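S.K.: need a structure here:
(one chain, ligands or ions: 2)
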Amino acid sequence: AIESVYAREILDSRGNPTVEVVLDTDDGAQGLGLVPSGASTGEAEAWERRDGDKSRYQGKGVLDAVKAVNEVIAPKVIGMDAADQRALDETMIELDGTPNKGKLGANAILGVSLAALYSSAESAGLPLYRYIGGTNGHILPVPNMNIMNGGAHADFATDIQEYMISPYGFDTYREALRAGVEVYHTLKGILKKDGHDTGLGDEGGFAPKMKSNEDSLKYIVKAIEAAGYEPGKQIGLCLDVASSEFYSKESNTYHFDGADRDAAYMLDYYKELVSKYPLVSIEDPYAEEDWDAWQKITAELGDQLQFVGDDLLVTNPKRLQKGIDLKAANSLLVKLNQIGSVTETLDAIELATENGFTSMVSHRSGETPDTTISDLAVAKNTRQIKTGAPARGERIAKYNRLLEIEEELGSTALYAGYSAFKACKQ
Ligand code: PGA
Ligand code: ZN
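M.R.: Residues are numbered from 1 along each chain as shown. Ligands and ions are numbered 1, 2, ... in the order given. Predicted coordinates for the structure are as follows:
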């Protein structure tokens, strides 16, 4: 049973406050819950509670969320069975009583939820992936590595937020990771040679000023080739357009490549990119409320290509059900803090799988050394993960955790490889 729950304010990878929860059980186990934080957040995400007190951390303090854990949640959950994750999460959801965790804060609830998960795995004497997935969880995900950053994650860079390489044409995760890392270093050299800045964005990718959004793709393909790999055959490309960030509701247009574009223009643009580059996945090609445009692109290209709903679906089973019903998107981006509890996150993955949607487990742009998403991807055999470039400790920790898991699984480990994407050309 849960003996104590204690929260404190710590810092995330951007130097902004976030919540850490330590949970102890009476069998001597201890779990740690570290909460991440986004920058290009979806409107429909669960509420991230911030103090708003401008005299501390420019209003970004989380002392109220910490207090909610220590004074409201702790007294309620102490004595409960930490391993009964669903009952624990439901108790906190009920205690909050709002549809978006708008009273206690998703950062407070998720901290406790994660801490309970870790303590339960420890009590069971199992690594996290095995505790969540049993022996069925054995597929190492393709690491979608965000090697060029733009949008809300970088200054003066592209409108498109994330340019990812997906090394699927390899036999093991270890080899796939190595290929991705080599492309990353090769890309740095090429950018430098062309006089570009090689400063990093929030997720560790390069963030140079480009002439157009397409320019970054040209550079990446060049880097894949120069590193000795075959674009499309061994390494594909994923985009996160994060288009809600440059969408105007009033005019129903997207401010892209320097002008206002309508949904039809964007569709033609995506089609052109797909014909020119080995793209296997596009995330948030349209804004979170532009359901018509989402339906159209999924109907036209969804048979071959993955369209990932991030801001659109926000890891929320209700939003996901709408996406399923409307045939808008065919893939779910999975972020624990978008919905705010472990149980609801697992429910969302299950709902996606039942309905033929793929799932890509994801970090946030503001992260901690926590590696839950690595274990989660293996436990649920999601076959895909995105956790930034192979740079910055908080991103590397997740990639390294997968190396550890692959080694632990030994001969039972399977690398997702080509099976991760329908668009893979073998
Ligand atoms: P965020 O970005 O964590 O800043 O929301 C990640 C994403 O959009 O996928
Ligand atoms: Zn996104």
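S.K.: please make it C-alpha for all contacts and neighbour counts, starting now.
M.R.: Will do.
S.K.: can I get stretch 116-131 in PDB, CA atoms only?
M.R.: Output of stretch 116-131 as PDB, limited to C-alpha atoms (Å, rounded to 0.1, in the frame of the first residue of the first chain):
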ATOM      1  CA  ALA A 116       3.000   4.700  -8.500                       C
ATOM      2  CA  LEU A 117       3.800   2.900 -11.700                       C
ATOM      3  CA  TYR A 118       7.500   2.800 -10.900                       C
ATOM      4  CA  SER A 119       7.000   1.800  -7.300                       C
ATOM      5  CA  SER A 120       4.700  -1.100  -8.500                       C
ATOM      6  CA  ALA A 121       7.300  -2.300 -11.000                       C
ATOM      7  CA  GLU A 122       9.900  -2.300  -8.200                       C
ATOM      8  CA  SER A 123       7.600  -4.100  -5.900                       C
ATOM      9  CA  ALA A 124       7.000  -6.700  -8.600                       C
ATOM     10  CA  GLY A 125      10.800  -7.000  -9.200                       C
ATOM     11  CA  LEU A 126      10.300  -6.300 -12.900                       C
ATOM     12  CA  PRO A 127      11.800  -3.800 -15.300                       C
ATOM     13  CA  LEU A 128       9.100  -1.200 -16.300                       C
ATOM     14  CA  TYR A 129       8.600  -2.600 -19.900                       C
ATOM     15  CA  ARG A 130       7.900  -6.100 -18.500                       C
ATOM     16  CA  TYR A 131       5.700  -4.800 -15.700                       C
END
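S.K.: show me what contacts Asp310?
M.R.: By CA atoms under 8 Å, 6 or more residues apart in numbering, the contact set of Asp310 is 42, 283-284, 332-334.
S.K.: would you show me how to pick out the buried ones of those residues in PyMOL?
M.R.: Restricted to buried positions by 16 or more other CA atoms under 10 Å, the PyMOL selection for these reads:
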select buried, resi 42+283+284+332+333+334
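S.K.: okay, and which of the contacts of Asp310 map to strands?
M.R.: 283, 332-334 (DSSP state E).
S.K.: tell me which of these is nearest to Lys188?
M.R.: Glu283 (24.5 Å; CA to CA).
S.K.: is that closest one in contact with Gly309, as I believe?
M.R.: Yes. Between Glu283 and Gly309 there is a contact under CA atoms under 8 Å: 6.0 Å.
S.K.: quickly note the distance from Arg261 to Tyr269.
M.R.: In this view, Arg261 and Tyr269 are 10 Å apart by CA to CA, to the nearest Å.
S.K.: the two - which one has more neighbours?
M.R.: Higher neighbour count among Arg261 and Tyr269: Arg261, with 16 against 12, using other CA atoms under 10 Å.
S.K.: spell out which parts of the chain neighbour ligand 1.
M.R.: By CA under 6 Å from any ligand atom, the residues of the chain that approach ligand 1 are 38-41, 242, 364-365.
S.K.: once you drop chain neighbours, what's closest to the residue of the stretch 151-300 of the chain found nearest ligand 1?
M.R.: Proximity of the stretch 151-300 of the chain to ligand 1 (CA to the nearest ligand atom) peaks at Ala242, 5.7 Å away. Residue nearest to Ala242 in three dimensions, not counting chain neighbours: Asp284, with 5.1 Å by CA to CA, 6 or more residues apart in numbering.
S.K.: average pLDDT across the host helix or strand of Ile190?
M.R.: Using DSSP states H and E, Ile190 sits within helix 173-193. Mean pLDDT, helix 173-193: 98.
S.K.: is it true that Leu126 lies in a helix?
M.R.: No. Counting by DSSP: H, G, I helix; E, B strand; the rest coil, Leu126 is not found in a helix; it is coil.
S.K.: next, it: phi, psi?
M.R.: Backbone torsions of Leu126, given as degrees, to the nearest 10, read phi -120, psi 150.
S.K.: about what we covered before: okay, and the common contacts of Arg261 and Tyr269?
M.R.: By CA under 8 Å, 6+ apart, no residue touches both Arg261 and Tyr269.
S.K.: against Ser374, how distant is the residue most central in space within the chain?
M.R.: Residue closest to the average C-alpha location in the chain (CA atoms, centre = their mean): Ser362, at 1.7 Å. According to CA to CA, Ser362 stands 9 Å off from Ser374.
S.K.: how about Ala329?
M.R.: Ala329 is 24 Å from Ser374, by CA to CA.
S.K.: again with Gly302
M.R.: From Gly302 over to Ser374 (counting by CA to CA), the distance is 27 Å.
S.K.: give me the more crowded residue out of these two.
M.R.: Higher neighbour count among Gly302 and Ser374: Ser374, with 29 against 20, using other CA under 10 Å.
S.K.: and whichever helix or strand the more buried one is part of, what other elements does it pack with?
M.R.: Assigned by DSSP H and E, Ser374 belongs to helix 372-379. Judged by 3 or more CA pairs under 8 Å, 6 or more residues apart in numbering; DSSP states H and E, helix 372-379 is in contact with helix 128-133, strand 139-140, strand 358-362, strand 384-386, helix 393-409.
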